[in-house]
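Visitor: Predicted model follows, preceded by the sequence.
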Amino acid sequence: MTEGAAPAPRIRVWDVPVRACHWFIVLFVAASWWTAETKRMDWHRYSGYALLALAAFRVYWGFFGSSTARFSQFVRGPRAVVSYLKGRWAVMPGHNPLGALSVLVLLGLLLSQIVLGLFAVDVDGIESGPLSTYVSFDAGRVAAEWHEELFDALLWLIGLHVAAVLFYLLYKKENLVGTMLHGMRRFPGAQVTPVRTASWVRLTVGVVLAGLLTWMVTRA
Amino acid sequence: MPAKLFRSVSAFVFTASLIAAIQAASAATPAELQKARHDHYKELGEAFKAVRDASKAASPDFAALEKAAGIVDKASVDQQQWFPKGTGPEAGKTRALPEIWSKPDDFTAAQKMFSERAPKLLAAAKTKDVAAVTAAFKDVGGACKNCHDTFRQPED
């Protein structure tokens, strides 16, 4: 951008469901962590159910949602990651090839963590996930141990994710947090297409499906 | 019975009981007692899960529920024998804290809370009243927590 020239226009990159999903996941991962550490297991279960609904919706939105939310739009092969790292990747709204990997790993870990929690049983057999009635005490204990181990992995990856965002902010002078909050980003010197949002019908279907799944799991 | 046969049978019985007695005496190493305690608590955990599973089921298996509540009730009395001296951290890896043996009165009181509440769970299971079972389960769980808060090392 040259001195005095009008700044590049703000382009919408993320739609509301993607942003809401992201920040609610942040909120409920923190809540799950805190409720587990302080042994508030009723609230830990509720927080887990909220994450189940959010993760289920995000997967749905990855297939039927806005253009930048779709896996088909942002999941690319290793070659794309390499060319992105070498700086040979055109700027465009949505996840870059490396960021896409982070999304996949984080979402995958979150889903695994949720599923393990559903089957987990505590050492006393008193607290348990809603699907633990379908497994033995021993299997439930294994799920609980993995639930604990995997959380450490999740924390490390969240740390990496935040470090990458900080790297963009401090080194590349790109405020990705702001973009995830208001959805807008400037692309100086590049012609880009804004996000193509999905219809209200699709949103409603996704919310209903995620809610239904969560309801069925919790009352199982 | 011919005398010869009688003698060999008595010799056999005598030897067998002697072996059994020696085994019984030598079985009581602190590490083995500790292991036995851990096994007992695992069984108790399984019983708690069974109670919880049954109380949450759409059509509860009341026979299984009563059986599990019976195990809990029996354990609530038996556990008063599960902590002989010397079976703390000095005997091997355990979450049993030294306070169990240094504050015996408090520990006994905590154990009593369990043995007082567990019969109510069994009684509720016998009445086949799921709401009563759930309430009694919560009550017994409170006794578990009460003791664990002071006498069991928190998980790392």
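Guide: Okay, I see it. Numbering: from 1, shown residues only, chains lettered A, B, ... in the order given.

Visitor: Show me the helices in chain A, by range?
Guide: Along chain A, the stretches classed as helices by DSSP state H are A:16-37, A:41-64, A:71-74, A:78-85, A:97-119, A:137-170, A:176-182, A:200-218.

Visitor: among those helices, which is nearest B:Pro84?
Guide: helix A:137-170 (26.1 Å; Cβ to Cβ). Every residue, glycine included, has its C-beta placed from N, CA and C.

Visitor: Get me the contact residues on chain B for chain A.
Guide: B:41-42, B:44-50, B:52-53, B:56-57, B:137, B:141, B:144, B:148, B:155 (Cβ under 8 Å from any Cβ of the partner chain).

Visitor: For ChimeraX, write the selection for the buried entries among those residues.
Guide: Buried subset of those, written as a ChimeraX selection, criterion 16 or more other Cβ atoms under 10 Å in any protein chain shown:
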select /B:41,42,44,45,46,47,48,49,50,52,53,56,137,141,144,148
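
Visitor: burial count for B:Val95?
Guide: Val isn't right for residue B:95; it's Arg. The number of residues packed near B:Arg95 is 15, by other Cβ atoms under 10 Å in any protein chain shown.

Visitor: what about whatever residue of chain A ends up closest to chain B, neighbour count?
Guide: In chain A, no residue comes nearer to chain B than A:Gly125, which is 3.4 Å away by Cβ to the nearest Cβ. By the criterion of other Cβ under 10 Å, A:Gly125 has 28 neighbours.

Visitor: got the contact list for it?
Guide: Neighbouring residues of A:Gly125 by Cβ atoms under 8 Å, 6 or more residues apart in numbering or on different chains: A:137, B:44-50, B:52.

Visitor: from those, which is closest to B:Asp78?
Guide: When these are compared against B:Asp78 (criterion: Cβ to Cβ), the nearest one is B:Leu44, at 9.4 Å.

Visitor: May I ask you to confirm that that closest one is in contact with B:Gly70?
Guide: No: using Cβ atoms under 8 Å, B:Leu44 makes no contact with B:Gly70, being 11.9 Å away.

Visitor: can you list the helices of chain A in CSV and add distance to B:Leu65 and mean pLDDT?
Guide: Putting the helices of chain A into CSV (distance: least, Cβ to Cβ, whole Å; pLDDT from 0 to 100) gives the following:
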stretch, distance to B:Leu65, mean pLDDT
helix A:16-37, 29, 96
helix A:41-64, 22, 97
helix A:71-74, 46, 89
helix A:78-85, 55, 87
helix A:97-119, 21, 94
helix A:137-170, 16, 95
helix A:176-182, 49, 92
helix A:200-218, 22, 96
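
Visitor: Need these in JSON lines (columns: distance to chain B and mean neighbour count).
Guide: As requested, the helices of chain A are exported to JSON lines (distance: least, Cβ to the nearest Cβ, whole Å; neighbours: other Cβ atoms under 10 Å in any protein chain shown):
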{"stretch": "helix A:16-37", "distance to chain B": "10", "mean neighbour count": "16"}
{"stretch": "helix A:41-64", "distance to chain B": "10", "mean neighbour count": "20"}
{"stretch": "helix A:71-74", "distance to chain B": "36", "mean neighbour count": "16"}
{"stretch": "helix A:78-85", "distance to chain B": "37", "mean neighbour count": "14"}
{"stretch": "helix A:97-119", "distance to chain B": "12", "mean neighbour count": "18"}
{"stretch": "helix A:137-170", "distance to chain B": "4", "mean neighbour count": "15"}
{"stretch": "helix A:176-182", "distance to chain B": "34", "mean neighbour count": "15"}
{"stretch": "helix A:200-218", "distance to chain B": "11", "mean neighbour count": "15"}
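
Visitor: Pull the contacting residues for the closest residue to A:Glu127 other than its chain neighbours.
Guide: What sits nearest to A:Glu127 in space, not counting adjacent residues and going by Cβ to Cβ, 6 or more residues apart in numbering or on different chains, is A:Met41, at 4.4 Å. Counting by Cβ under 8 Å, 6+ apart, A:Met41 touches A:35, A:122, A:127.

Visitor: ok, of the residues you listed, which one's closest to A:Thr218?
Guide: For the contacts of A:Met41, the residue nearest A:Thr218 by Cβ to Cβ is A:Glu127; the value is 14.8 Å.

Visitor: May I ask which helix or strand of chain B has the lowest mean pLDDT?
Guide: helix B:3-26 (a mean of 66; mean pLDDT, DSSP states H and E).

Visitor: Verify the stated contact: A:Ile158 with A:Val29.
Guide: Yes: counting by Cβ under 8 Å, A:Val29 is a contact partner of A:Ile158 at 7.4 Å.

Visitor: Can you show me the helices along chain B?
Guide: Secondary structure of chain B (DSSP H): helices located at B:3-26, B:30-56, B:62-78, B:99-102, B:104-127, B:130-151.

Visitor: Can you tell me which of those has the worst average pLDDT?
Guide: In terms of average pLDDT, helix B:3-26 trails the rest of the helices of chain B, at a mean of 66.

Visitor: picking up where we left off before, turn the contacts of A:Gly125 into TSV, columns for distance to B:Gly88.
Guide: Shown next, in TSV, are the contacts of A:Gly125 (distance: Cβ to Cβ, whole Å):
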residue	distance to B:Gly88
A:Phe137	26
B:Leu44	19
B:Gly45	21
B:Glu46	24
B:Ala47	25
B:Phe48	24
B:Lys49	27
B:Ala50	29
B:Arg52	30
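
Visitor: Of the helices of chain B, which is nearest A:Pro17?
Guide: helix B:30-56 (33.2 Å).
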